[in-house]
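# have a look at this fold, sequence not included:
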Ligand code: GUN
């Protein structure tokens, strides 16, 4: 039986430091960092994530605003709005909540964010710097995963790391970060053949494919460290009971919200792994903490502060 590798304590520590630094800069410079988030359309999960980000900003003394646009806004208008934010002195970081509605060319929209304000680290300039192992803003979820592993002294150098998922926010940038840490990386995806065989070679296995409880014990080497990035809503009561038995918290979620949040990793994996990050309470809180930290970094960089 392995242990749960929680992210909450580390996230709290990171946010405490950001909060103290924000207060210090407010005193010294009479300025606070500002985050602008863009939401296009009505994605329910995106709204929930953005509300969490907004609440965290408020607690840390960071100014935040969420700009909401209809799903059929013209791309040129959206880019003009981003340009406006690019030129605003009081906005240090800009994020476009993903996924964008399918009609949009997401890379084109993302490329219109000024790289200095690209708090998600997904602008080609920042991704290029990441590839070259240079300084720059980096995507929050992979940053959080690396911080979590380091905080528990889980070695990456020389280890076999398998990432299931090749998204631009998680899989691909995480592969670059792991490479920069001297890990040996394999990226798997929906077309990978013999996936359980490949993934069970991993010392560190990362699930970021967006399919609830997809990664079952047969995907996992005994004693592996398993990181679950998935955020999936499970609504089927019989499946919830199958997975969690009569877990009071899960059944309460179902009664009150109509779903319970599960990861890409099946909870049974805890019996085979050395560590498994829980969902919720694992990687999620770290993503938000790193967003706060990146916003402060962007604020400092733009003012040439140490
Ligand atoms: N959608 C899900 N997670 C994220 C995130 O960290 N940043 C953005 N921009 N969109 C997301």
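Everything's here; your move. No experiment lies behind these values; they were computed from the predicted model shown.

# please count neighbours and contacts with C-alpha atoms only from this point.
Noted.

# what parts of the chain come near the ligand?
Taking C-alpha under 6 Å from any ligand atom, the part of the chain that reaches the ligand is made up of 95-98, 120.

# buried subset of the residues you listed, written for ChimeraX?
Buried residues within these, by 16 or more other C-alpha atoms under 10 Å, are selected in ChimeraX with:
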select :95,96,97,120
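
# from the residues of the chain next to the ligand, which ones fall inside strands?
Members of these lying in strands (criterion: DSSP state E): 95-96.

# now for the residues of the chain next to the ligand: which two are most distant?
Distance extremes for those: the farthest pair is 98 and 120 at 10.4 Å, using C-alpha to C-alpha.

# what comes up buried for the longest helix seen in the chain?
As assigned by DSSP state H, the longest helix anywhere in the chain is helix 8-29. Using 16+ other C-alpha under 10 Å as the test for burial, helix 8-29 gives 8, 10-11, 14-15, 18-19, 21-23, 25.

# and what of stretch 113-128?
So for stretch 113-128, counting by 16+ other C-alpha under 10 Å, buried means 113-123, 125-127.

# show me which of these is closest to residue 242.
Closest approach to residue 242 among the buried residues of stretch 113-128 (C-alpha to C-alpha): residue 120, at 36.4 Å.

# ok, now which ones touch that closest one?
With contacts defined as C-alpha atoms under 8 Å, 6 or more residues apart in numbering, residue 120 is in contact with 95, 137-140, 169, 291.

# what's the answer for residue 265, then?
Residue 265 makes contact with 207, 212-216, 228, 230, according to C-alpha under 8 Å, 6+ apart.

# any idea what it is bridged to?
The residues listed as beta-bridge partners of residue 265 by DSSP bridges are residue 215.

# all strands of this protein, in order?
Under the criterion DSSP E, strands of the chain are mapped to 3-4, 34-40, 63-69, 93-96, 160-164, 184-188, 204-207, 225-228, 232-234, 260-262, 275-276.

# and those as TSV, adding mean pLDDT?
Shown next, in TSV, are those (pLDDT from 0 to 100):
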stretch	mean pLDDT
strand 3-4	98
strand 34-40	98
strand 63-69	98
strand 93-96	98
strand 160-164	99
strand 184-188	98
strand 204-207	99
strand 225-228	99
strand 232-234	97
strand 260-262	98
strand 275-276	98
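
# and the helices in this structure?
Counting by DSSP H, the chain has helices at residues 8-29, 44-60, 75-87, 106-110, 124-131, 140-151, 171-180, 195-199, 237-244, 248-257, 283-302.

# rebuild those as TSV, extending it with mean pLDDT.
Compiled in TSV, the helices of the chain are given as follows (pLDDT from 0 to 100):
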stretch	mean pLDDT
helix 8-29	98
helix 44-60	96
helix 75-87	98
helix 106-110	98
helix 124-131	98
helix 140-151	98
helix 171-180	98
helix 195-199	98
helix 237-244	97
helix 248-257	97
helix 283-302	98
